[in-house]
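sequence and predicted structure are below.
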Amino acid sequence: MSSPSPDPAAAPAPGPLQPIRGVQPSFDDLGTPLRDVTFCVVDLETTGGAPGDSGITEIGAVKVRAGELLGEFQTLVNPAEPIPPFIAVLTGITDLMVASSPRIGSALPAFLEFARGCVLVAHNAPFDVGFLKHDSQVHGYDWPDFPVVDTALLARRVLTPDEVPNCKLGTLAKLFRATTTPNHRALSDARATVDVLHGLFERVGSLGVQTLEDLQTFSSRVAPAVRKKRHLAESLPHAPGVYLFTDDRGEVLYVGKSKDLRTRVRSYFTASETRTRIGEMIGIASGVRGIECGTSLEAEVRELRLIAEHKPRYNRRSKFPERQHWLKVTVEPFPRLSLVKQVRDDDAGYLGPFSSRKTAERAMAALHEAFPIRQCTERMSRTPRMSPCVLADMGRCVAPCDGRIDMAAYGEFVTALRTALVSDPSPVVDALTRRIDVLSADERFEDAAVHRDRLGAFVRSSAKMQRMAALTSCAEICAARRTEDGGWELHVIRRGRLAAAGIAARGTDPRKYLDMLRASAETVLPGIGPVASASPEEIELVLRWLDQPGIRLVEMDGTWTCPISGAGRHLRRLDPPRSEDHQHPSERRRRRMRPVGPARMSG
């Protein structure tokens, strides 16, 4: 069992996660290493310089991966028009040579099949790719969304005028000592372009370009001072985890996560990083620390906790999880709705948390639409004798202020309001829906949109709170998922907080690893409200992980349920499902997840 970095500034506080080392699971890659990419280097000969006005006379292509030749493609093409004399002299292709050759409509499918799944490479790619795309459209073939690399453009970004006077294919072939001399024939020029491509790879590799994504966004505009900092990544492992950029005073400037720490951090010192804000951060940074993580969920949670702890100036999100807004049903003789920033143990009803005050105010307006409780802020005695406000005259408030309703009758409205917050939002949904329909019928569409936004703010916040409250009510949940290599990804979740994470390697007993995880996991005590033990973002991360296909619930201390008539069932009206499964996530989870015994979670 491994433990986090001993550096206190690099470890989440409180309560470190205890990963078990083993086979690492995967999450979003930074990019595709160039050695794993299959390139199809293509060259065309044509009757002229513009698609539509000219035709293709020859297609040549070479398929390579990791420096190895995988195949070649070559065909003459009948352009269905005379070949201009100067083109015939330049290429050696005459009308007689192509007379019995296939038309482009017949030759193109064979090329598309040859290039399937590849990255297209061409010297002056807009010319060659432009012809191929145009003819595909003319003949009704679907053009695949090929990634494209232009060796001419790449050469202009890498090479200096002192090295080459121009970036023509013949010039570059001589510079990189290509084994084939370009001669204006498609296959020969494609072979020469392969050697030019590999020569350019050597150049950009020394500048930190290791992936296809880096190559596609590469430019030479990288300050020497930035390139010199590439050594900061050398101490990091090729492993998933979290990284922290620091300045010379040790202040954390930026926190991020990646599947491959070293590769991701190296990318910050190349031109593939184009964000101005991050470029400024790299100029200040003097060090990088890394924390290896066993699972993707652990990395995501660590990132959130570190951002919340250090509040790095160059991170934009998740820096202030404590900035929450709640709607509270106050505890007084005649309760009302109040906007607060903290949940207290006072038997009041709460709805939230809201990430912004504006969203909370929209949800409050939705509740006032359904429940005509008072909106004034004055303190009221049990027998108030005050003047009614304008809302009472409009029929939008039951007006306890002038004594027209007693505490018992008023309490019925408050009880219904509390029920809408925690279990059944139907009265709010029905009231807002009727209001929207009336406004739409009167063609008051802007007003209808305002009420639609209020309804959305309420339903989404209510569904979110019910999901979080269901998870945080469980003292402990132990969940597992198979890794790609046959091991088990294990998590211990206590009251919605990730308390431990690890990987049980293939061939080992996952139960023993899980017992070790539980013994060393963070102790999480119950608190007040659904987000007392973890930030809302962390709970949402855990919920999303639990809702993934293949998750198995191994142990559970508590009851994980959501109300059948809860807000989740109304989300479909606001956010139509995007998949064939139209069930709410909680319904899919109930159908899919079953407790797993030792026999089903074996090594």
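Thanks, I have the structure now. Residues are numbered from 1 along each chain as shown.

which stretches of the stretch 501-603 of the chain aren't confidently modelled?
By pLDDT under 70, the low-scoring segments of the stretch 501-603 of the chain are 564-565, 572-603.

what about the helices in it?
Taking DSSP state H, counting those that start in this stretch as the criterion, the stretch 501-603 of the chain carries its helices at 510-520, 536-546, 571-574, 585-592.

so which bits of the first one are buried?
Using 16 or more other Cβ atoms under 10 Å as the burial criterion, the residues of helix 510-520 that qualify are 510-511, 513-514, 516-518, 520. In this view, the C-beta of every residue, glycine as well, is placed from N, C-alpha and C.

what is that helix packed up against?
Judged by 3 or more Cβ pairs under 8 Å, 6 or more residues apart in numbering; DSSP states H and E, the packing partners of helix 510-520 are strand 476-482, strand 488-494, strand 497-504.

now the ones you listed as CSV including mean neighbour count and distance to residue 41?
Output for the helices and strands packed on helix 510-520, formatted as CSV (neighbours: other Cβ atoms under 10 Å; distance: least, Cβ to Cβ, whole Å):
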stretch, mean neighbour count, distance to residue 41
strand 476-482, 21, 40
strand 488-494, 27, 40
strand 497-504, 26, 40
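
just the CA atoms of stretch 367-376, as CSV, please.
As requested, the backbone C-alpha atoms of stretch 367-376 are provided in CSV (Å, rounded to 0.1, in the frame of the first residue of the first chain):
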residue,chain,number,x,y,z
LEU,A,367,-41.2,28.7,-4.7
HIS,A,368,-43.0,31.9,-4.1
GLU,A,369,-45.0,31.3,-7.3
ALA,A,370,-46.4,28.0,-5.8
PHE,A,371,-46.6,29.0,-2.1
PRO,A,372,-48.0,32.4,-1.1
ILE,A,373,-46.0,32.7,2.1
ARG,A,374,-44.8,36.1,3.2
GLN,A,375,-41.8,37.7,1.5
CYS,A,376,-41.2,40.5,4.0
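
what's that stretch in contact with?
For stretch 367-376, contacts defined as Cβ atoms under 8 Å, 6 or more residues apart in numbering pick out 327, 334-337, 380, 389, 391, 395-401, 410, 413-414, 416-417, 420, 427-428, 430-432, 435, 451, 454, 458.

at 7 Å what do you get?
334, 336-337, 389, 391, 396-398, 400-401, 413-414, 416-417, 427-428, 431-432, 435, 458 (Cβ atoms under 7 Å, 6 or more residues apart in numbering).

what's the mean pLDDT across it?
Taken as a whole, stretch 367-376 has an average pLDDT of 88.

how close does the closest residue in space to residue 253 that isn't next to it in sequence sit to residue 232?
Nearest non-adjacent residue to residue 253, counting by Cβ to Cβ, 6 or more residues apart in numbering: residue 245, 4.6 Å away. Separation of residue 245 from residue 232 (Cβ to Cβ, to the nearest Å): 8 Å.

just residue 419 next, same as before
Residue 419 is 56 Å from residue 232, where distance means Cβ to Cβ.

in contact with the residue in the chain sticking out farthest from the centre: list those residues for me.
Relative to the centre of the chain, and counting by Cα atoms, centre = their mean, the farthest-placed residue is residue 385 at 56.6 Å. When contacts are counted by Cβ under 7 Å, 6+ apart, residue 385 touches residue 403.

helix, strand or coil: sort out it for me.
coil (DSSP: H, G, I helix; E, B strand; the rest coil).

got phi/psi on it?
Phi and psi for residue 385, reported as degrees, to the nearest 10, are phi -140, psi 80.

could you report the pLDDT at it?
pLDDT, residue 385: 79.

how far away is it from residue 374?
15 Å.

kindly report the same for residue 452.
26 Å.

go on, residue 158?
For residue 158, the distance to residue 374 - Cβ to Cβ - is 71 Å.

comparing those two, which residue is more hemmed in?
Legend: neighbour count by other Cβ atoms under 10 Å for residue 158 and residue 374, higher for residue 374 (25 against 20).

ok but the more buried one is inside a strand, no?
No - using three-state DSSP, the assignment for residue 374 is coil, not a strand.

look up the closest residue to it, ignoring the ones flanking it.
Leaving aside its sequence neighbours, residue 374 sits nearest to residue 336 (Cβ to Cβ, 6+ apart; 5.2 Å).

can you get me a residue count around that neighbour?
Applying other Cβ under 10 Å, we find 19 residues neighbouring residue 336.

same thing with residue 416?
Residues near residue 416, counting by other Cβ under 10 Å: 15.

which elements pack onto the helix or strand harbouring it?
For residue 416, the host element (DSSP states H and E) is helix 407-422. For helix 407-422, the elements it packs on are strand 325-329, strand 349-354, helix 426-441, judged by 3 or more Cβ pairs under 7 Å, 6 or more residues apart in numbering; DSSP states H and E.

pull up the pairing partners for the second one, direction included.
When you say that, I think you mean strand 349-354. strand 325-329 (antiparallel) (DSSP bridges).

my read: residue 59 touches residue 107, true?
Yes - at 6.4 Å, residue 59 counts as touching residue 107 under the criterion of Cβ atoms under 7 Å.

next one: the closest residue to residue 277 other than its chain neighbours from residue 258, what distance?
Excluding the flanking residues, the one nearest residue 277 by Cβ to Cβ, 6+ apart is residue 314, at 6.1 Å. Separation of residue 314 from residue 258 (Cβ to Cβ) stands at 16 Å.

who's more crowded, these two?
Comparing residue 314 with residue 258 by neighbour count (other Cβ under 10 Å), the higher total belongs to residue 258, at 23 against 18.

so residue 149, which of the three states?
Taking three-state DSSP as the rule, one finds residue 149 in the strand state.

in contact with it, which residues?
By Cβ under 7 Å, 6+ apart, residue 149 lies in contact with 119, 121, 215-216.

among the helices and strands packed on helix 407-422, which is the most enclosed?
strand 349-354 (a mean of 24; mean count of other Cβ atoms under 10 Å).

need the contact partners of that one.
Outside strand 349-354, the residues that touch it by Cβ under 7 Å, 6+ apart are 324-329, 343, 360, 363, 418, 421, 461-462, 465, 529, 531, 536.

residue 253 and residue 311 touch, don't they?
No - between residue 253 and residue 311 there is no contact under Cβ under 7 Å: 10.9 Å.

any stretches of this protein with poor pLDDT?
Applying pLDDT under 70 to the chain flags residues 1-31, 208, 217-225, 227, 271-274, 564-565, 572-603.

quick one on the thing from earlier: of residue 419 and residue 232, who's got more company?
Taking neighbours as other Cβ under 10 Å, residue 419 and residue 232 compare with residue 232 leading, 21 against 16.

surely the more buried one meets residue 282?
No - here residue 232 does not reach residue 282: they are 9.4 Å apart, not a contact under Cβ under 7 Å.

name the helices or strands packed onto the longest helix belonging to the chain?
Counting residues, the longest helix found in the chain (DSSP state H) is helix 445-472. Helices and strands touching helix 445-472, by 3+ Cβ pairs under 7 Å, 6+ apart, are strand 349-354, helix 357-370, helix 426-441, helix 536-546, helix 571-574.

between the ones you listed, which gets nearest to residue 113?
Evaluated over the helices and strands packed on helix 445-472, closeness to residue 113 peaks at helix 536-546, with 39.1 Å, by Cβ to Cβ.

CA atoms only for that closest one, dumped as CSV, please.
C-alpha atoms of helix 536-546 as CSV (Å, rounded to 0.1, in the frame of the first residue of the first chain):
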residue,chain,number,x,y,z
PRO,A,536,-20.5,19.6,-3.8
GLU,A,537,-18.1,19.1,-6.7
GLU,A,538,-16.5,16.1,-5.0
ILE,A,539,-19.9,14.5,-4.2
GLU,A,540,-20.9,15.0,-7.9
LEU,A,541,-17.7,13.4,-9.0
VAL,A,542,-18.3,10.4,-6.8
LEU,A,543,-21.9,10.1,-8.0
ARG,A,544,-20.9,10.3,-11.7
TRP,A,545,-18.3,7.5,-11.0
LEU,A,546,-20.9,5.3,-9.3
